[in-house]
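[1] need a structure here:
(chains A, B, C and D)
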There are 4 protein chains.
Amino acid sequence: MSSLPKNQTTGIAFSTAEDVFVRGKSLTKELIGHLTFTEMIVFQILGRRPSPAQTRVVDACLVALMEHGLTPSALATRLVYSSASEAMQAAVAAGLLAVGSRFVGTTDDCGQLLERMLAAGGHLDDQARVIAREHHGAKRAVPGFGHPLHKPDDPRALRLLEIARDEGVAGAHVAAVLALSRAVDEVYGKHITLNVTGAIAAALGDCGVPREILRGFSIIARAAGLVGHVHEEQQRPAMRAIWETADQAVPYDGPLPAGGHPKK
Amino acid sequence: MSSLPKNQTTGIAFSTAEDVFVRGKSLTKELIGHLTFTEMIVFQILGRRPSPAQTRVVDACLVALMEHGLTPSALATRLVYSSASEAMQAAVAAGLLAVGSRFVGTTDDCGQLLERMLAAGGHLDDQARVIAREHHGAKRAVPGFGHPLHKPDDPRALRLLEIARDEGVAGAHVAAVLALSRAVDEVYGKHITLNVTGAIAAALGDCGVPREILRGFSIIARAAGLVGHVHEEQQRPAMRAIWETADQAVPYDGPLPAGGHPKK
Amino acid sequence: MSSLPKNQTTGIAFSTAEDVFVRGKSLTKELIGHLTFTEMIVFQILGRRPSPAQTRVVDACLVALMEHGLTPSALATRLVYSSASEAMQAAVAAGLLAVGSRFVGTTDDCGQLLERMLAAGGHLDDQARVIAREHHGAKRAVPGFGHPLHKPDDPRALRLLEIARDEGVAGAHVAAVLALSRAVDEVYGKHITLNVTGAIAAALGDCGVPREILRGFSIIARAAGLVGHVHEEQQRPAMRAIWETADQAVPYDGPLPAGGHPKK
Amino acid sequence: MSSLPKNQTTGIAFSTAEDVFVRGKSLTKELIGHLTFTEMIVFQILGRRPSPAQTRVVDACLVALMEHGLTPSALATRLVYSSASEAMQAAVAAGLLAVGSRFVGTTDDCGQLLERMLAAGGHLDDQARVIAREHHGAKRAVPGFGHPLHKPDDPRALRLLEIARDEGVAGAHVAAVLALSRAVDEVYGKHITLNVTGAIAAALGDCGVPREILRGFSIIARAAGLVGHVHEEQQRPAMRAIWETADQAVPYDGPLPAGGHPKK
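    Purely as a prediction, here's the structure:
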């Protein structure tokens, strides 16, 4: 190991005997009892207190992301909890490990497109067409668009954009995602759903959340959702149903032993 | 695998093309924009909407738990994030794995004591003395009491109990933890801090949170805190300082090679 | 944070420019090419090289533990891998989180019983009867005994004990588990399978593996098994079958929206 | 959820009352006692038994990867274990989450370059120069090359290539990595270390390990290394030294409270 790196510091928190200070504010005198959890989340991550309107938009996004039924992350949490109930945190962690590129990463990728559109300058509709054509030419879906179930529109996306507008928070990012939505319909020659991940990229972007930490908000919301699944698994475990049906749904078709397939 | 278990069901959520329903409520018409994240957390986990006063107490608890500086969980998150930044969720998961019995489990254990006191009936002070004597006799700390830094009192505990009282939420569990605090001082012969985990067990208990899911609230709050550490690690990584000083702080003293200790 | 703890050291490894030394041995001159992976596992964990006979027993245990089909841990790994294929390590980690008290912990618990029998002195059969009666009286299963599928005997357990005997490794721990098996049959009044976790507790115990790290060997073996599931998921993903059948196997029966259950 | 996917099957394992079959072989009659752990790892992942020479090369790679001291993954494991010792598997999982793109991913990336060289046909030296120039032009390091400590050569890499040659396993992948090494020195105008990750990509590639599962072998080897750190943490915990020095190594320099920086 070579010489120590210089100037590696933190700006988040420190403690004294009398208090804890988070980003310079007294936890007990200025934060507990003064900020909601949502306000504190933004303050912790971004270092600034959100406006009341921004808070309502962030609340709406977190509420929208929390729970979608027995998704892969909820299934992983339940399988792990009933196998190792000595550590609830491990069950939630297992579920969070599935909050990755396939389902949630589209928020990040859509956020990157919006950022690119806004950085490029020029008319948003032109920028949107460039992006839609790129993806269409490469036979790829545009991140933030399309949904297997919620068609023609994702009701959560519509609701989040409505709240962002009603609260006066909707700005450049919402305008960009709407331009992108028009361009996608035009270039792909049919209406494609603007889904909840695209709407969240826009709504949180207009709250000042940097693209690279967007996924963090999904992680927080899903952590809460997964705690709900742990509690249900405590009360009425579904693990064996999950396990046994999955085992039957994926039959063995590999090499057989010399004497043929023994009966199960 | 034997026959399928019967009646394994879920009461949390289901989706239609037009909506998602969480515990029977329309996500888009009744939840998004109507509940704060904190209200939705309680609704998701417990299946009922908290009162405004309970919401303020839960908010206070979640704000109190979110961030305490470079704790083992924050260090694990930063080490993992800078080693594997392809998966932010893995960094948060690694940190959450440290939200376990040693630091947070005391909330669960204290909750269990409070539950036992309340179930036993009789005078709380008598129940409290029984418990304090048991632990004192076994030379064990009473869960929820004691703190290496915050002495004589944990300012977060005092603040949370104050809020629970001001909101009219403080009830049997807060009374029990205060009785326990008096008994601890009496039996141990000195003042021992009622710490933040004891106060949270009492405050959330009086909000109707069952003891077995108490740790879930710590996990949610810490998930948010750890996302803040990921974002700081993105902007100014501290991983090498953590790694290198830790490496130097734990010197090798095992068997030496034949030729003696080679120079590092 | 108070003063630094003293004398926190490590005896595992250190590096120089020319080499890495593990427990005092040159990685490149004395370990790579000289030890098998299994020998190195024992050397890394216990700090001593196993005998050839012990190595064959440890090999047999690790081979026995590696793979048992679509268990909860394999399902968690596959769900996470296909959700977040950017981080294979997260998928393996998710599966390992299920290697806990319910399925694997019985090895630890059985190891604890064997240790207690051996520490107590006296005749093993007497010690065994005490333990069997304790568990029978408390209507609890004896850890290491019973299996839903492998009846009347667990073929893996028989094979592992045979290898331990053939290699001359079988000693006090194997004698203890056999005494326990006789006592269990006697006290419960019927033959109960000595399962693979009980056999492993005995076989590894007689190789000198301390009880408190027994679970570590299961974790290593399962890590390898789970990598196999990741590779199959790369080639022919089964995640959607797992997800969709699990979703259908656990139907919603919670509160319904005002208008009744909408069609899925 | 739409209709079930068709033909999602597994070719790994199934159980009967009398046995477990892995890839068509009887676990108890053909695998336990017949294969070493290393042979079983290859059999589990790739579905074929390695030759004795390949087994020795895989053993050498796994031994080389197991342990490198207090790396970020070992630190994460120790921090988590001492915070949540109720779940050893969670501590190992936390460490494995750091086995990612930064330290281990270079094996995958180097494997991809070797695959590209071999697929391209033509003279390896020409292919190697193309790749070295690409990376040099982009001011990027070539994956598998360079090491902060092991200079001018990584002794583990030399040893692994020596074993691959001695065992007669070295083939196209080793030839490719050596060609790449010559090209790197030529194009960068100085000798750059072929490191252990590059050597492993070549050695495992010549054993028939597909590039996309290379990281799996690192994960297995590190799992074993991390169990060693758990066991040392059980015997002489270093967590507080790691925590406290890390906390001091990363001082707070964020906003100060109104009254200035309170004393710690």
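[2] Only C-alpha atoms from now on, for both contacts and neighbour counts.
    OK.
[3] wait, what's in contact with residue A:129?
    A:180, A:183-184, A:187 (C-alpha atoms under 8 Å, 6 or more residues apart in numbering or on different chains).
[4] Out of those residues, who's the most crowded?
    Each of the contacts of residue A:129 was scored for neighbours by other C-alpha atoms under 10 Å in any protein chain shown, and residue A:180 scores highest at 30 neighbours.
[5] got any ranges where chain A has weak pLDDT?
    Along chain A, the model assigns pLDDT under 70 to residues A:1-6, A:259-264.
[6] Quick check, central residue of it?
    residue A:218 (2.7 Å; C-alpha atoms, centre = their mean).
[7] element containing it, please.
    helix A:214-235 (DSSP states H and E).
[8] What helices and strands are in contact with the helix or strand that comes right after that helix?
    Remark: after helix A:214-235, the chain's next helix or strand is helix A:239-249, criterion DSSP H and E. If you count contacts as 3 or more C-alpha pairs under 8 Å, 6 or more residues apart in numbering or on different chains; DSSP states H and E, helix A:239-249 packs onto helix A:72-83, helix C:72-83, helix C:239-249.
[9] which helices and strands does the first one pack with?
    Right, helix A:72-83. Against helix A:72-83 (3+ C-alpha pairs under 8 Å, 6+ apart) you get helix A:88-96, helix A:214-235, helix A:239-249, helix C:72-83, helix C:239-249.
[10] The helices and strands packed on helix A:239-249 into a markdown table, with extra columns for mean neighbour count?
    Listed next are the helices and strands packed on helix A:239-249 as a markdown table, based on neighbours: other C-alpha atoms under 10 Å in any protein chain shown:
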| stretch | mean neighbour count |
| --- | --- |
| helix A:72-83 | 30 |
| helix C:72-83 | 30 |
| helix C:239-249 | 23 |
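[11] Reformat those helices as CSV; add distance to residue A:46.
    As requested, the helices and strands packed on helix A:239-249 are arranged in CSV below (distance: least, C-alpha to C-alpha, whole Å):
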stretch, distance to residue A:46
helix A:72-83, 27
helix C:72-83, 28
helix C:239-249, 36
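[12] Which among the ones you listed is found nearest to residue D:9?
    helix C:239-249 (9.0 Å; C-alpha to C-alpha).
[13] secondary structure element for the residue nearest to residue A:49 when sequence neighbours are not counted?
    The shortest distance from residue A:49 to any non-neighbouring residue, by C-alpha to C-alpha, 6 or more residues apart in numbering or on different chains, is to residue A:43 (5.0 Å). Assigned by DSSP H and E, residue A:43 belongs to helix A:37-46.
[14] if you look at the helix holding residue A:218, does any of it touch chain C?
    No. Using C-alpha under 8 Å from any C-alpha of the partner chain, helix A:214-235 stays clear of chain C, coming no nearer than 11.5 Å.
[15] report the angle between the axes of that helix and helix B:37-46?
    Angle, helix A:214-235 to helix B:37-46, by axes from the mean of the first three to the mean of the last three C-alpha atoms, to 10 degrees: 30 degrees.
[16] From chain B, how far off is the residue in the stretch 151-264 of chain A that chain D sits nearest to?
    Nearest to chain D in the stretch 151-264 of chain A, going by C-alpha to the nearest C-alpha, is residue A:254, at a distance of 3.8 Å. Residue A:254 sits 19 Å away from chain B when distances are taken as C-alpha to the nearest C-alpha, to the nearest Å.
[17] Under a three-state scheme, what state does that residue occupy?
    coil (DSSP: H, G, I helix; E, B strand; the rest coil).
[18] before we move on, back to that, got the angle for the helix holding residue A:218 vs helix A:72-83?
    Using the same axes, to 10 degrees: helix A:214-235 against helix A:72-83 is 40 degrees.
[19] Briefly note if helix A:214-235 comes near chain B.
    Yes. Using C-alpha under 8 Å from any C-alpha, helix A:214-235 comes into contact with chain B via A:215-216, A:219-220, A:223-225, A:227-229, A:231-232.
[20] for the helices and strands packed on helix A:72-83, which one sits closest to residue D:144?
    helix C:72-83 (25.1 Å).
[21] what about dumping the CA coordinates of the closest one to PDB?
    Coordinates of each C-alpha in helix C:72-83 appear next as PDB, following Å, rounded to 0.1, in the frame of the first residue of the first chain:
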ATOM      1  CA  PRO C  72     -34.500 -21.200  -1.900                       C
ATOM      2  CA  SER C  73     -30.800 -20.000  -2.200                       C
ATOM      3  CA  ALA C  74     -30.600 -21.100  -5.900                       C
ATOM      4  CA  LEU C  75     -33.900 -19.400  -6.600                       C
ATOM      5  CA  ALA C  76     -32.800 -16.100  -4.900                       C
ATOM      6  CA  THR C  77     -29.600 -16.200  -6.900                       C
ATOM      7  CA  ARG C  78     -31.500 -16.600 -10.200                       C
ATOM      8  CA  LEU C  79     -34.100 -14.000  -9.400                       C
ATOM      9  CA  VAL C  80     -31.400 -11.500  -8.500                       C
ATOM     10  CA  TYR C  81     -29.000 -12.400 -11.400                       C
ATOM     11  CA  SER C  82     -31.700 -11.800 -14.100                       C
ATOM     12  CA  SER C  83     -32.800  -8.600 -12.400                       C
END
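[22] got the contact list for it?
    Applying C-alpha under 8 Å, 6+ apart, the contact partners of helix C:72-83 are A:72-73, A:75-76, A:79-80, A:83, A:94-95, A:97-103, A:243, A:246, C:87-88, C:90-99, C:226, C:229-230, C:233, C:237-239, C:242-243.
[23] so which of the helices and strands packed on helix A:239-249 gets nearest residue C:171?
    helix A:72-83 (31.7 Å).
[24] Helices of the stretch 1-150 of chain A, start to end?
    Applying DSSP state H, counting those that start in this stretch to the stretch 1-150 of chain A gives helices spanning A:37-46, A:52-65, A:72-83, A:88-96, A:105-120, A:124-137.
[25] Off-centre distance for the last one?
    So the one you mean is helix A:124-137. Computed by C-alpha atoms, centre = their mean, to the nearest Å, the chain-centroid distance of helix A:124-137 equals 24 Å.
[26] Can you tell me which residues in chain A are near chain C?
    A:70-73, A:75-76, A:79-86, A:90-91, A:93-95, A:97-103, A:238, A:241-243, A:245-247, A:249-250.
[27] mind running it again at 7 Å?
    Residues of chain A lying close to chain C by C-alpha under 7 Å from any C-alpha of the partner chain are A:70-72, A:76, A:79-80, A:83-84, A:86, A:90, A:94, A:97-103, A:238, A:241-243, A:245-247, A:249-250.
[28] interface residues of the stretch 101-250 of chain A facing chain B?
    Counting by C-alpha under 7 Å from any C-alpha, the stretch 101-250 of chain A sits next to chain B at A:149-151, A:155-156, A:159, A:163, A:213, A:216, A:219-220, A:223-225, A:227-228, A:231, A:238, A:240-241, A:244.
[29] these two touch, right, the residue nearest to the centre of chain A and residue A:63?
    No. Contact status for residue A:218 versus residue A:63: not in contact, 10.1 Å apart, counting by C-alpha atoms under 7 Å.
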